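[1] one predicted model, sequence on top.
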Amino acid sequence: MSLPRVSILRQGEVYKSLDVITINDPVTHEPVAEIDMANPGLIRRDLLRNTERAFRSLQDFSCADLIEISKKAGDLFMNAELPLFGDGQTQSPEDYLKCLAATSGLPHALVRKNMTKIFQVFTEMQEILKGLTRGMPLDIIDEGMGHHGGVTVSYFPRAKSLGIVLPSNSPGVNTLWMPAVILKSPVILKPGREEPWTPCRIMQAFIQAGMPKEAFSFYPTHHEGSSQIMDCCKRSMIFGGQDTVERYGDNPNVEVHGPGWSKILIGDDQIEDYQDYIDLIVESVSLNSGRSCINASAVVVPKHGKKIAEALAAELVQIKPTAIGDPHARLSSFANPKFAEFINAAIEEDLKTPGAVDCTAEARGTSNRVVIHDGRTYLLPSVIYCDSPDHPIFNKEYLFPFVTVVESEQKDFFNMIGQSLIVSGITEDESLSRELLECPLIDRLNIGPIPTTRLDWDQPHEGNLFEFLYKRRAIQRTHTER
Amino acid sequence: MSDTNIAQAKTALDIHLREIIRWHFSPETGTPIWLEWAEENNMDAVKEIQTTEDLLKFGNFDEAWLRFKPHEEWIPKDYIGKAYSVFETGGTTGMPKQRIGWEDYKIDYSQFSELLDDKDFPSGGNWLMMGPTGPRRLRLAIEHLANVRGSSCYFVDLDPRWVKKLIARKAFHEAKLYMEHVIDQALVILKHRKVTGLFTTPKLLESLAEKISIPGVGIKGVFCGGTQMPPQTVRFLIEEVLENRVKLIPTYGNTLMGLAAHKPLSADDNYSITYYAPQPRAILRVVDTTNPEKGVDYGQWGRVELTTLTKELFMPRFLERDEAIRRKPCGQFAWDGVGDVRPFGAGESKVIEGVY
């Protein structure tokens, strides 16, 4: 049986490259898939020519039509045998799950949870767009103008396509670009090296459900190819580390999804009840194996910091490597064992600075963080208590359940939290709530005992995709008698 | 390719080698740098170097010789008093490698011209070279090649030393502006002059095709080289950039070698490029990276080693900054080829090649 082959998609047309890489199973080292790689020149040529055809293909649909197609696509994504881009091969949901698990290290249980999340985005598109457009009637997008909130409004697309450079860390990140096609923007996708499967399956589900295939371009490529997407698309979205944020952070044409540095703060008024919030913090740290930017990576409390860290450690050490098919699996392995070693080395280096304690090591009775189970490499959940927010390990974020706990007087919270994608502020104190609401460092704010990982679809965060893709213009129009 | 052909080519190469060794190592005609070396190393080269296998006795050529030895030491007796040209290669930082020369580039490129088809590079059609000129031999060589074929050549310069510096300091925008500056100059020439032949690099060719149709402006043949061209890039250039209507001639060469020819490109070969050295004037070998005395087997990757054998320059076993696959003789080339050439170490790490 031939290996699954993921080819390039050029405005819906399959293209096979002469540069084909093989992805191997990290355990067996057997080849799992072949990926066609696009050369940078090909991407650039596509993006500088003929973009109009892809754009037009979506303008023939109304947003309402596209929402209906998206619902059908959700069903296909979850249940159908869908084509891969190449050789006439198809992929069942089970095949998809196994391929993704093999190349990304995600256990089957977490893949299924991510599939459910993606399904919800397919089917809840109406609600998501309502959140993005603040309840604006979507026919305003279809017509280019209309009435909303008692005034005439007009919106025009800022670009003819949206470029997206995806990571490999979690399939869930694909939910961020999916609404773009309902907003009539063709997508130019560059998948992460170990995760071509999810964007591929989402696109196929959309196409099989009735979306025009021209709206989808898919370019597995090397580093320079990614740069071409960022360079040629007038609007693009990129995922990456701090270096990516520094490179693109000031570019208004780019929406950068970098580290989340999401946090949980507990106010003076609630701190004596900290035991009530341990489960909430555990969920915030460990959901999806800590792979998302919405996972909490720091907890800031006015007191009881060490006790909280120890309580978290007691819970998080229960999360252990399991068989990849275990339905209760909560921990993901690393497709590239060197990456786990690198992270571990960075943590150990920081721990050399006095003032930090690995509470999970104390709870486990061993400081071993890197373990091999069934041939796969894992990093065990880690809780670090540090005695000062100035300690170098505070606020570090890694791709596994990892959290630092620090004490700070409530009055100093906002001097030390830094940029935070999500903050859950556990307080009923009106004064602290007001300060949280006024804080410009927080992108998404939960007030009350809400896990950082719990999202409402009508509350977009990390940039508003509609505002990124569309711009409002002033408009006046005379009425012609007919 | 018959064994007889291969054996004949090897015999011819060894005869040429002995002639060049005699030239550079005889007191009557010799070159000071080699006469001195032979004395220091107590070698009677004329006697000891009979076949190419004997070249191992020289060890690998030290490129510092090209940087720092006085030019006078490189002048064979017969050339004393004749003004020479100085050609450079490298030099992004520090002293470039320099080669002096008289007629070699003309001989090398006149020979190369014999391999070209008049249909692709018709006599009388103007050429445009868009790429590194400056102190390189290539600038004069291309003009000579055009002239030999009854054509003239326009030039648009690109300074690769500057581009490499820009990329090294991550000044990508500046590099992009510089590239646009180069392309803009080429577009002006193409707008006002009739050009049928183009000599450039893969990236510049792609960029030019973003602005115009290459066959649409009347270009019939394109020489392309200077940076690696993996099979997918070659296919993309042929099928899309050149619209399947322009002949692509991949080039591999430098100031020290001349220009290597290539096996005709085809989809059957998956557009993999194999170059063949202009033997007997130069020899390319693919050698073990850790033990450069040892050649690699056919189909294996190794480092490219160049030996130059002309009356103007004897340079044994120079390790190029390239790696390649050793390929078998084919067609008119009865000696080994080097395939899928790329920067040395490209298989393991990222190497700055530049936007040019």
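    Looks like it came in fine.
[2] quick check, central residue of the chain?
    Since you didn't name a chain, this refers to chain A. In chain A, the C-alpha closest to the average C-alpha coordinate belongs to A:Val173, at a distance of 2.8 Å (Cα atoms, centre = their mean).
[3] you answered for a different chain; I wanted chain B.
    Short answer for chain B (Cα atoms, centre = their mean): B:Gly253, at 0.5 Å.
[4] how about the nearest residue to that residue, chain neighbours excluded?
    Nearest residue to B:Gly253, sequence neighbours excluded (Cβ to Cβ, 6 or more residues apart in numbering or on different chains): B:Leu259, at 3.9 Å. C-beta here means a position set from N, CA and C on the backbone, and glycine is covered the same way.
[5] please state the offset of the helix or strand of chain A with the lowest mean pLDDT from the chain centre?
    Across the helices and strands of chain A, mean pLDDT, DSSP states H and E gives its lowest value to helix A:242-248, namely a mean of 85. Here helix A:242-248 is found 16 Å from its chain centre; the criterion is Cα atoms, centre = their mean, to the nearest Å.
[6] name the next helix or strand downstream of that helix, please.
    Downstream of helix A:242-248, the first helix or strand assigned by DSSP states H and E is strand A:254-257.
[7] what are the contacting residues of the lengthiest helix in chain B?
    When chain B is parsed with DSSP state H, its longest helix is helix B:3-25. Residues outside helix B:3-25 that contact it (Cβ atoms under 8 Å, 6 or more residues apart in numbering or on different chains) are B:29-31, B:34-35, B:38, B:45-46, B:49-52, B:55, B:76, B:279-281, B:283, B:309-311, B:314, B:329, B:334-335.
[8] buried ones among those residues?
    B:30-31, B:34-35, B:38, B:45-46, B:49, B:52, B:55, B:76, B:279-281, B:283, B:309-311, B:314, B:329, B:334-335 (16 or more other Cβ atoms under 10 Å in any protein chain shown).
[9] need the pLDDT of residue 304.
    In the absence of a named chain, this looks at chain A. At A:His304, the model reports a pLDDT of 97.
[10] my question was about chain B
    So B:Val304 comes in at 97 (pLDDT).
[11] quick one on the thing from earlier: mind checking the SS state of the residue nearest to the centre of chain A?
    Judged by DSSP: H, G, I helix; E, B strand; the rest coil, the three-state class of A:Val173 is helix.
[12] surely it and A:Leu166 touch.
    Yes. The criterion here is Cβ atoms under 8 Å, and A:Val173 meets it with A:Leu166 at 6.4 Å.
[13] overlap of the contact sets of these two?
    Joint contacts of A:Val173 and A:Leu166 (Cβ under 8 Å, 6+ apart) are A:Phe239.
[14] got the residues of chain A near chain B?
    A:17-19, A:37, A:39, A:41-42, A:44-45, A:48, A:223, A:227, A:231 (Cβ under 8 Å from any Cβ of the partner chain).
[15] most neighbours among those residues, which one?
    Compared across the residues of chain A next to chain B, A:Asn39 has the highest neighbour count, 28 neighbours, by other Cβ atoms under 10 Å in any protein chain shown.
[16] list the contacts of that one.
    Applying Cβ under 8 Å, 6+ apart, we find A:Asn39 in contact with A:Ser17, A:Asp19, A:Thr221, A:Gly225, B:Pro230, B:Gln232, B:Thr233, B:Phe236.
[17] could you give the bridge partners of the spatially closest residue to B:Asn254 that is not a sequence neighbour?
    Closest residue to B:Asn254 apart from its sequence neighbours, by Cβ to Cβ, 6+ apart: B:Thr89 at 5.5 Å. Assessed by DSSP bridges, B:Thr89 has beta-bridge partners B:Lys97.
[18] OK, contacts around B:Thr89?
    By Cβ under 8 Å, 6+ apart, B:Thr89 lies in contact with B:Pro96, B:Lys97, B:Arg99, B:Arg136, B:Asn254, B:Thr255, B:Leu256.
[19] cutoff 10 Å now
    Listed by Cβ atoms under 10 Å, 6 or more residues apart in numbering or on different chains, the contact partners of B:Thr89 are B:63, B:66, B:96-99, B:132, B:135-138, B:254-257.
[20] surely B:Leu198 is in contact with B:Ile214?
    Yes. Assessed by Cβ atoms under 10 Å, B:Leu198 is found in contact with B:Ile214 at 7.4 Å.
[21] which of those two has more residues huddled nearby?
    Neighbours were counted for B:Leu198 and for B:Ile214 using other Cβ under 10 Å; B:Leu198 has more, 25 against 20.
[22] in a strand, that's where that one is, yeah?
    Yes. Per three-state DSSP, B:Leu198 lies within a strand segment.
[23] for the stretch 101-250 of chain A, which segments count as helices?
    Remark: helices assigned in the stretch 101-250 of chain A by DSSP state H, counting those that start in this stretch are A:108-123, A:125-133, A:139-143, A:178-182, A:197-209, A:223-232, A:242-248.
[24] would you turn those into JSON lines with distance to B:Arg22?
    What follows is the helices of the stretch 101-250 of chain A, written out as JSON lines (distance: least, Cβ to Cβ, whole Å):
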{"stretch": "helix A:108-123", "distance to B:Arg22": "73"}
{"stretch": "helix A:125-133", "distance to B:Arg22": "82"}
{"stretch": "helix A:139-143", "distance to B:Arg22": "83"}
{"stretch": "helix A:178-182", "distance to B:Arg22": "73"}
{"stretch": "helix A:197-209", "distance to B:Arg22": "65"}
{"stretch": "helix A:223-232", "distance to B:Arg22": "49"}
{"stretch": "helix A:242-248", "distance to B:Arg22": "59"}
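[25] tell me which of the ones you listed lies nearest to A:Gly150.
    helix A:139-143 (13.5 Å; Cβ to Cβ).
[26] mean confidence (pLDDT) on that closest one, please.
    Taken as a whole, helix A:139-143 has an average pLDDT of 96.
[27] which regions of the chain sit below the pLDDT cut-off?
    Chain wasn't specified; assuming chain A. Low-confidence regions of chain A, defined by pLDDT under 70, span residues A:1, A:86, A:457-462, A:480-482.
[28] actually it's chain B I care about, not the one you picked
    Along chain B, segments meeting pLDDT under 70 span B:347-356.
[29] go again using 90 as the cut-off
    Within chain B, the stretches with pLDDT under 90 are B:1-3, B:89-94, B:170, B:172-173, B:226-228, B:253-259, B:263-269, B:331-332, B:345-356.
[30] how about the residues of it by chain A?
    Counting by Cβ under 10 Å from any Cβ of the partner chain, chain B comes close to chain A at B:170, B:172-173, B:176, B:202-203, B:205-207, B:209-211, B:230-237, B:239-241, B:267, B:270-272, B:350, B:355.
[31] let's see that with 6 Å instead.
    Near chain A, the residues belonging to chain B are B:Glu206, B:Glu210, B:Pro231, B:Gln232, B:Thr233, B:Arg235, B:Phe236, B:Asn270 when assessed by Cβ under 6 Å from any Cβ of the partner chain.
[32] farthest pair within those?
    B:Glu210 and B:Asn270 (25.8 Å).
[33] got a list of contacts for stretch B:293-306?
    B:56, B:257, B:284-289, B:317-320, B:322-326, B:328, B:338, B:344 (Cβ atoms under 6 Å, 6 or more residues apart in numbering or on different chains).
[34] thinking again about what came up before, out of the contacts of helix B:3-25, which sit inside helices?
    Mapping those onto helices (DSSP H) picks out B:Trp34, B:Leu35, B:Ala38, B:Ala45, B:Val46.
[35] would you check that the fourth one makes contact with B:Leu35?
    Spelled out, that is B:Ala45. No. Using Cβ atoms under 6 Å as the test, B:Ala45 is too far from B:Leu35 to be in contact (9.4 Å).
[36] mind listing the strands for the stretch 101-250 of chain B?
    Residue ranges of the strands in the stretch 101-250 of chain B, as given by DSSP state E, counting those that start in this stretch, are B:126-131, B:153-157, B:195-200, B:221-225, B:247-254.
[37] now swap in the stretch 1-150 of chain A and tell me
    Under DSSP E, counting those that start in this stretch, the stretch 1-150 of chain A gives strands at A:5-6, A:8-10, A:13-15, A:20-24, A:31-36, A:82-83, A:90-91, A:145-148.
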